[in-house]
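Return a 3D structure for these sequence lines:
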Amino acid sequence: MFAFTIVLFIYGITHGKYAYRIIKHTLYFDDLPEAFDGFTLTQISDVHAGSFTNPKAVQKGIDLINEQKSDLFVFTGDLVNNAASEIVPYIGHFSQIKAPFGQFSVLGNHDYGDYVKWPTEADKIKNLQQLKAHHADLGFKLLLDEHVELHKNEQKIILAGVENWGIGFGERGDLQKAMQNTSTSDFKILLSHDPTHWDAQVKQFPSKIQLTLAGHTHGMQFGIEAFGIKWSPVKYRYKHWAGLKSENGRYLNINRGFGFIGFSGRIGIWPEISVIELKRKVN
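Numbers count the residues shown, from 1 in each chain. Next up, the predicted model:
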């Protein structure tokens with residue numbers, strides 16, 4: 001048993017952290033505009049570029065993303081571990097991601113530089129400004145407590161994004177502001193890095209938000225999802241820590257993360273590329 005454990009850890013450190021998995025979901029909605037029936041989106045989260053050491057392996061993940069040929073691409077936060085400069089060697093990789101309806105992103109808790117000591121507060125602010133600029137370099141439209149309209153055949157859906165809002169990780173995001181000038185009848189997708197935001201605010205928000213996309217947990221990069229078992233130590237911090245959750249016709253998808261941090265590996269909880277198809281429910 002000890003030898004098996006050692007083999008698992010070696011695999012997790014050498015290969016598991018780049019063993020990208022495509023996880024697909026098809027979601028049905030009564031109120032999805034007819035023009036968006038069959039609309040697809042690809043989501044990744046938690047790149048943590050400062051942890052990467054194998055550009056060729058990362059490129060395989062980028063190729064998998066583009067192979068999905070989704071209508072929309074979204075990134076749900078934590079582009080870096082601490083410093084904006086960490087993404088620079090990988091701008092050429094992630095800028096390859098293209099989708100017909102665009103590429104959109106939000107910030108995660110690590111993106112604000114809160115976990116390292118900066119020479120001055122001005123340096124910390126400059127780092128965040130540089131990181132925001134790098135989102136543009138990647139071809140990502142960074143949504144900062146705001147929304148855009150996606151149009152198809154004279155119909156629309158709302159795509160909104162908030163700054164990081166997470167219990168214990170900074171409650172910066174302003175959901176009310178992000179939803180300004182939207183209607184209760186609009187179909188809405190929200191990008192919000194930390195899944196605790198969904199339980200605390202989103203699922204009870206007066207104007208229905210049909211789908212929320214989050215990340216943050218990484219599934220702790222360790223656990224088991226096989227043989228009908230879904231377990232990770234992260235369950236003791238987050239009741240729902242990966243995959244789909246639904247309540248009152250509202251969905252939350254928690255992506256297991258594209259990258260890694262802390263433990264330089266993954267065992268049992270593999271890096272994820274989520275592909276979601278939206279379908280109009282036929283009554």
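
Could you use CA atoms for every contact and neighbour count after this?
Fine.

Can I take it that residue 212 is in a strand?
Yes - using DSSP: H, G, I helix; E, B strand; the rest coil, the secondary structure at residue 212 is a strand.

For it, give me its contacts.
Each residue near residue 212 by Cα atoms under 8 Å, 6 or more residues apart in numbering is listed here: 189, 190, 191, 192, 198, 251, 252, 253.

Only whichever of the residues you listed are buried, select them in PyMOL.
Buried subset of the contacts of residue 212, written as a PyMOL selection, criterion 16 or more other Cα atoms under 10 Å:
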select buried, resi 189+190+191+192+198+251+252+253
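
mind putting the contacts of residue 212 in CSV, pLDDT, secondary structure and distance to residue 36 included?
Output for the contacts of residue 212, formatted as CSV (pLDDT from 0 to 100; DSSP: H, G, I helix; E, B strand; the rest coil; distance: Cα to Cα, whole Å):
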residue, pLDDT, secondary structure, distance to residue 36
189, 98, strand, 13
190, 99, strand, 16
191, 99, strand, 18
192, 98, coil, 22
198, 97, helix, 24
251, 98, strand, 17
252, 98, strand, 19
253, 98, strand, 19
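
with the contacts of residue 212 in mind, which one is nearest to residue 121?
residue 192 (25.7 Å; Cα to Cα).

Look up how far residue 243 lies from that closest one.
According to Cα to Cα, to the nearest Å, residue 192 stands 15 Å off from residue 243.

Please apply the same query to residue 255.
Taking Cα to Cα, one finds residue 255 at 6 Å from residue 243.

who has more neighbours, the two?
residue 255 (30 against 18; other Cα atoms under 10 Å).

Now for that one: which residues touch it?
43-45, 213-216, 218, 242-243, 272-274.

Repeat the analysis, applying 10 Å as the threshold.
Counting by Cα atoms under 10 Å, 6 or more residues apart in numbering, residue 255 makes contact with 23, 43-46, 75-76, 193, 195, 213-219, 241-244, 271-274.

How about residue 189?
For residue 189, counting by Cα under 10 Å, 6+ apart, the contacting residues are 147, 157-161, 208-213, 251-252.

what do residue 255 and residue 243 both touch?
In contact with both residue 255 and residue 243: 23, 213, 214, 215, 219, 274, using Cα under 10 Å, 6+ apart.

And for the nearest residue to the fifth one once chain neighbours are set aside, the neighbour number?
When you say that, I think you mean residue 219. Leaving aside its chain neighbours, residue 219 sits nearest to residue 256 (5.6 Å; criterion: Cα to Cα, 6 or more residues apart in numbering). Close neighbours of residue 256, defined as other Cα under 10 Å, add up to 29.

Residue 256 and residue 32, how far apart?
Counting by Cα to Cα - residue 256 and residue 32 are separated by 26 Å.

Using PDB, list the CA coordinates for stretch 178-189.
Provided in PDB are the C-alpha atoms of stretch 178-189 (Å, rounded to 0.1, in the frame of the first residue of the first chain):
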ATOM      1  CA  ALA A 178     -23.300  43.900 -12.400                       C
ATOM      2  CA  MET A 179     -27.000  43.400 -13.000                       C
ATOM      3  CA  GLN A 180     -27.900  47.000 -13.400                       C
ATOM      4  CA  ASN A 181     -30.200  47.600 -16.500                       C
ATOM      5  CA  THR A 182     -31.000  44.000 -16.900                       C
ATOM      6  CA  SER A 183     -34.500  42.600 -16.800                       C
ATOM      7  CA  THR A 184     -36.100  39.900 -14.700                       C
ATOM      8  CA  SER A 185     -37.100  38.200 -17.900                       C
ATOM      9  CA  ASP A 186     -33.500  38.100 -19.200                       C
ATOM     10  CA  PHE A 187     -31.600  34.800 -19.300                       C
ATOM     11  CA  LYS A 188     -28.400  35.400 -17.300                       C
ATOM     12  CA  ILE A 189     -25.100  33.700 -16.900                       C
END
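
Tell me the buried residues in it?
178, 179, 186, 187, 188, 189.

Low-confidence bits of the stretch 1-150 of the chain, can you list those?
The model of the stretch 1-150 of the chain has pLDDT under 70 over residues 1-2, 4-5.

How about residues contacting the lengthiest helix in the chain?
In the chain, assigned by DSSP state H, the helix with the most residues is helix 121-137. Residues outside helix 121-137 that contact it (Cα under 10 Å, 6+ apart): 79-80, 82-88, 91-92, 94-95, 103-107, 111-114, 116-118, 120, 140-142.
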